[in-house]
Each structure stands twice: as structure tokens, then as C-alpha cells.
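model the structure of this input:
(one chain, ligands or ions: 2)
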Amino acid sequence: MKRFLVPGAILLIFFSCGKTPSRKGDTFAAFRQRFIDAYWLVNPLTATNVGYHQYDDLLPAYDDATRKREQAFAQAYLDTLGTFEKTGLDPLDRVDVALMQNTLRSMQFYADTFKAWQWDPSTYNVAGAFADIVNARNLTNDEKYKSIIARLRLVPAYYEAAKKNISNPTEVHTVLAIEQSEGTVSYLQNELEDFCASTSIHHDTLLRASLLHKATDAVEDYRAFLQKLLPGSRKDFRIGKALYGRKFFFDIQSASSAEQVFRKAMQRKSELHTAMFSITRKLWDKYFRTAMPADTLKAIRMLVDKVSLKHVQRDSFLSSIEKQIPELTAFVKEKDLLYLDPSKPLKVRRTPAYMDGVAGASISAPGPYDNEAETYYNVSTLEKMPAREAESYLREYNHYVLQILNIHEAVPGHYAQLVYANKAPSLVKTIFGNGAMIEGWAVYAERMMLENGYGNNEPEMWLMYSKWHLRTVCNTILDYNVHVNGWNEQQALHLLVDEAFQQEAEARGKWRRVSVSQVQLCSYFSGYSEIFELREELRKQPGFKLRAFHEQFLGYGSAPVRSIRQMMLEETAKKN
Ligand code: ZN
Ligand code: ZN
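Ligands and ions are numbered 1, 2, ... in the order given. As a prediction, the model looks like this:
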């Protein structure tokens, strides 16, 4: 995903080194390529992260001069993009224009209005800038070493600028930054030092030791600075309605406002409760000998807990997932829901050690500069987990939810979407792709599969789907209520535990996440609801075919749903 958290900057001045945004007679394709190169120069840490390594030696200090250059870059490219806007570009290029414009306007918004660089001390952290070099797939150790030394030299100036920027920070972000700085010191002294020592080339070890020492001192000095600030950190972490609406506009790129999406989520929560209660009444006698409690939410919770007891054993967790992918593929084929390219099978593997933190499953896709690499479905094994923890994890990812998870992550969710996105290759859509569309598609796929009979309409499957989907819905409700309506932790726990049937540990973790982030928790439901509404609208047209809808929708790449919607409606109008 995009990372505006570490504001990047340029060390060169564009207009004196030939990097001017516009040239006479420029084609859009040439302009687009130059835009991307210039963008990486402004954001070298993000560049390293996505596998573009030309600026690995940069670590910009985010000072006044940097901010001015960043703004000049954004304005200059916005001006030129404006001239391309009305020149009869094809639909896919028009989406690229919209994505580039949104990226540049976001840069302006984050620098001059949102200003997390003043109140969120955790935006400053160099660990990733080094880890992304160490873990890069397409560099030699010698290249890595040189870039690491170049970046190490810049660490003290980076934190000096950070100290000048911070004023009136929030307590939660200050605490987070203090905690993270401990991890950063440990990373520099252990992993990074070990990597440098392991490279076989004879480098100046004294120089390296001295640079590492100064870098560590800079991080520790920053931490001491934050500890002094902490007692006076009083700023509310809730960003309020106005900023929330603007951030939602830039991050989600939805046709709806934040408030509209919040209302849709409230509506969906009540639909899900109604559906879950009706299943509970139907299944009660099958699972319980006692009378059903009068409190409907309590009754649903009891049934959810009971049905969750059906789960795979810990040593067959990975193999069950592996076995399910071909079954899902067969179902999609049999029901004619979507064409799946058989030449690109998904590889299920254990999560590699360097990315194994929390238990879970995730798709690991090749980056935009690493197209040849395989796509993996990473699954954490539960071997090292204490028995009690493993049992609780297995109940969470029980027989039913595990299947829904595989739909979401793999087929026809994230993995299938990715295969389609790669068929319409666009560097812009890969780099600046819309997170709400990507997550929304995976969430939509869950419902769509069940609607088409996946799980044989077993009430237990629908019950667990509803519980799983309720998490997505409540993420939106929680995020909006906390940041706009000033909710506290008690109110948050009530929503998540009593109304969404979560365990308290999960709910507390979500409270921590909502207090250090904003809007991101909305992306899943927001994208889902837009896709679902678009389908329901097009379904009314004569000759609607579900499979054709899916293939056309995915064919535009990871664009915002509102852009895809516009293109699909234009296409339909042309045909009729
Ligand atoms: Zn069990
Ligand atoms: Zn997802």
C-alpha cells in the first residue's frame, strides 16, 4: 500500500536537472513514465519498499526545504496532468490520470492540512528503510552494503529534522513511537549489523561501526526527546469530522462520503443481526437442550461459540488450506462465476520466518518491478503456539470461517483479482492501486460465493459468514464513531464484543489499532458496498450475466470502484 507516513523528499532540484514535468509533443505514456521516476525520487523509502532501488542511498530529512520541494513537485505535475485530462485518452489511461492526480493531491493534503508529521512521532522510523534493502530480492550484497552505508550517514540529520517538526503530539502516537524506537535500536544493532558482517566483501569495519553507533545514538536521543514530551502530550488522537471526511476522500476514493458509508454499515449490521437471529432460532434445538435466552444477542453468541468448536486439528491446518484451493477453483468453474487462468496456480507455503509475526494467512504478490516472481499464499503454522492459544485460534478459524478466509485471500478473492490486474499491466495502477477496491473485491467474493450455493446453503455456514462479515462492517462503524463521534474504549468494546461477537482480546487489539490509525479500517466495507451496489444496479439490465460482470469489473485493474463504475456504465450505454 501507499505509505505517506514517511514523507519522502528530494535532494536534487527538479527544475535544474532536466526533470521538468512537461515537454512539448510528449505522449501520455512518456509523461507517465517520467512521473513515476520523479515520484520515486521524492519518495525514496517507498521506492525501496516496492523494489525500485535507484534511490536506495537517499534518506531525506523532512525539513522546510524538503516540504517546499515536495509541494513544487506535486503542483508542477498536477498542472501538466490537467492538460492531458481532456485529450481523448482511452478509459484505462483516464483512470491512470485520476490515480496520479489523487496521489499528488494527497501529498498536498498530508503536508499542509493533515500534518501527521507534527503530531504523530511514529511517522519517523528508519528501520524499514534498512530492512527493505536487506530483504530486497533483486540486489547483490555489495549493492545492499553500499546503500546501507549511505543511508546510515543520513540517520542523525533525519532525526534532528523529526525533533524540530514534532509539536503537541498525541499520547498514543508518542507511546507507539517510543516502543518502536526500541525495536529500531535492536534492529540496527543486531539484524543490520549481522547482515553487514555476513557480506563477504572486505569493507571498512571501523567506519561501519562508527556509523552504526551514531545512528543508534540518534534513535536513542529521539526516544529521550519523546519521553520528555510524553507528560505534556494532550492532543486528542481522534481527528474529528472535517479531517476525517477529507482523509476518507483521498484514501478511499469512493463515490460516497464517509458519513454515507457509515450509515450503510449501520444498516448492514442490523440486517446481519436479523439474519443471524433467524438462523439461531432454526438451529437452537440441534445444538442445545436448554431454553434459548430472551436476549437475542446473547443467544446468537452462544450458538456462534458452539458452532466454532468444529475445526481442523492444528497439525493439519496448512494441508487443509492447500486442499481447499482446487475445490474453490472447481466451484467457480462449475457455477460459471469467473474465468480463472489455469497457467498461474497459487502456491501455498508456510510463512517465511522474516515475515512471520502474528499468526494468519496472506497473499504475497510480486512487486511491480519483480513480475517474474511467484505468488504465494503464506500460512502461519501453529506448531510453536501454546495449546490454549492454538485452540482459540482454531475456533476463530473454524471449519466454516477457514473456507471463507480462503475465498477472501485466494479464489476468487485477492489472488484471482491479482491475476486479472496483471493482465492489464499498468505500473500506475500497481503502485497507486486502490486499496478499497482490492479489499472490497475480496469481501464481495465471500458473499457472492455463498449466494451461489457454496457451502450448500448450510445455516451454519451462513451464520459464520455473518459473524465474519460483521467484523468488516463493525470496523467501519468503529472507525467513524471513534474519530468523528468521540467514542471511548468502553463504547468500542461494547460494539465489538456484544454486537459483533468478538473475543475481548481481539476487541482490545482493535481499539489500539483505531486509536493510531484513521480511515483504513473503512476500506473493506466501503469497497464491498460499492461493488455490491454496482452489481445490483447492472443486474436489472437485460442480458446481465454474472460471469461477464465479474470479468469486465476486474479487467480495469485495481482502480477505484467509482472509476470502474463510470467505465462500465459507458460501455453498457454504448451497447444499448
Ligand atoms: Zn477444539
Ligand atoms: Zn483482504
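
contacting residues for whichever residue of the chain sits closest to ligand 2?
With Cβ to the ion, the shortest gap between the chain and ligand 2 falls at Ala442, namely 4.4 Å. Any C-beta I mention is one placed from the backbone N, CA and C, and that applies to glycine too. Contact analysis of Ala442 by Cβ atoms under 8 Å, 6 or more residues apart in numbering lists Ile407, His408, Glu409, Gly413, His414, Gln417, Tyr524.

which ones among the residues you listed lie within helices?
Ile407, His408, Glu409, His414, Gln417, Tyr524 (DSSP state H).

how many neighbours does the second one have?
Neighbouring residues of His408 were enumerated by other Cβ atoms under 10 Å; the total is 26.

leaving out the residues flanking it, which one is nearest to it?
Spatial nearest neighbour of His408, excluding adjacent residues (Cβ to Cβ, 6 or more residues apart in numbering): Ala442 at 4.5 Å.

now whatever helix or strand that neighbour lives in - C-alpha only, PDB.
Using DSSP states H and E, Ala442 sits within helix 435-451. The C-alpha coordinates for helix 435-451 follow below in PDB (Å, rounded to 0.1, in the frame of the first residue of the first chain):
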ATOM      1  CA  GLY A 435      -7.000  -0.400  -1.500                       C
ATOM      2  CA  ALA A 436     -10.700  -0.100  -1.100                       C
ATOM      3  CA  MET A 437     -11.300  -1.800  -4.500                       C
ATOM      4  CA  ILE A 438      -8.800  -4.600  -3.700                       C
ATOM      5  CA  GLU A 439     -10.200  -5.400  -0.200                       C
ATOM      6  CA  GLY A 440     -13.800  -4.700  -1.400                       C
ATOM      7  CA  TRP A 441     -13.500  -7.300  -4.100                       C
ATOM      8  CA  ALA A 442     -12.300 -10.000  -1.600                       C
ATOM      9  CA  VAL A 443     -15.200  -9.100   0.800                       C
ATOM     10  CA  TYR A 444     -17.700  -9.100  -2.100                       C
ATOM     11  CA  ALA A 445     -16.300 -12.600  -3.300                       C
ATOM     12  CA  GLU A 446     -17.200 -14.100   0.100                       C
ATOM     13  CA  ARG A 447     -20.900 -13.100  -0.200                       C
ATOM     14  CA  MET A 448     -21.100 -13.900  -3.900                       C
ATOM     15  CA  MET A 449     -19.800 -17.500  -3.400                       C
ATOM     16  CA  LEU A 450     -22.300 -18.200  -0.700                       C
ATOM     17  CA  GLU A 451     -25.100 -16.700  -2.700                       C
END
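
and it, what's buried?
435-450 (16 or more other Cβ atoms under 10 Å).

contacts only, for Ser257.
Ser257 touches Gly245, Phe248, Phe249, counting by Cβ under 8 Å, 6+ apart.

now the first one, what's its secondary structure?
Which is Gly245. helix (DSSP: H, G, I helix; E, B strand; the rest coil).

quick check: nearest residue in space to it, chain neighbours excluded?
Sequence neighbours aside, Ala258 is the residue nearest to Gly245 in space, at 5.2 Å (criterion: Cβ to Cβ, 6+ apart).

quick check, pLDDT for the closest residue to Met449 other than its chain neighbours.
Leaving aside its sequence neighbours, Met449 sits nearest to Ile407 (Cβ to Cβ, 6+ apart; 5.2 Å). Listed pLDDT for Ile407 reads 98.

Ile407: neighbouring residues, count only.
Using other Cβ under 10 Å, Ile407 has 28 other residues around it.

how about it, what does it touch?
Leu328, Gly413, Ala442, Ala445, Glu446, Met449, Tyr454.

now those as a markdown table including pLDDT?
Listed next are those as a markdown table, based on pLDDT from 0 to 100:
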| residue | pLDDT |
| --- | --- |
| Leu328 | 97 |
| Gly413 | 97 |
| Ala442 | 98 |
| Ala445 | 98 |
| Glu446 | 98 |
| Met449 | 98 |
| Tyr454 | 98 |
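
among those residues, list the two that are farthest apart in space.
Using Cβ to Cβ, the contacts of Ile407 reach their maximum pairwise distance at Ala442 and Tyr454, which is 14.6 Å.

returning to what we had before: if I look at the residue nearest to His408, how far off is Pro542?
For Ala442, the distance to Pro542 equals 30 Å [Cβ to Cβ, to the nearest Å].

over to Ser167?
Counting by Cβ to Cβ, the gap from Ser167 to Pro542 is 61 Å.

from memory Cys474 sits against Phe501, does it?
No: look at Cys474 against Phe501 with Cβ atoms under 8 Å: they stay out of range, at 9.8 Å.
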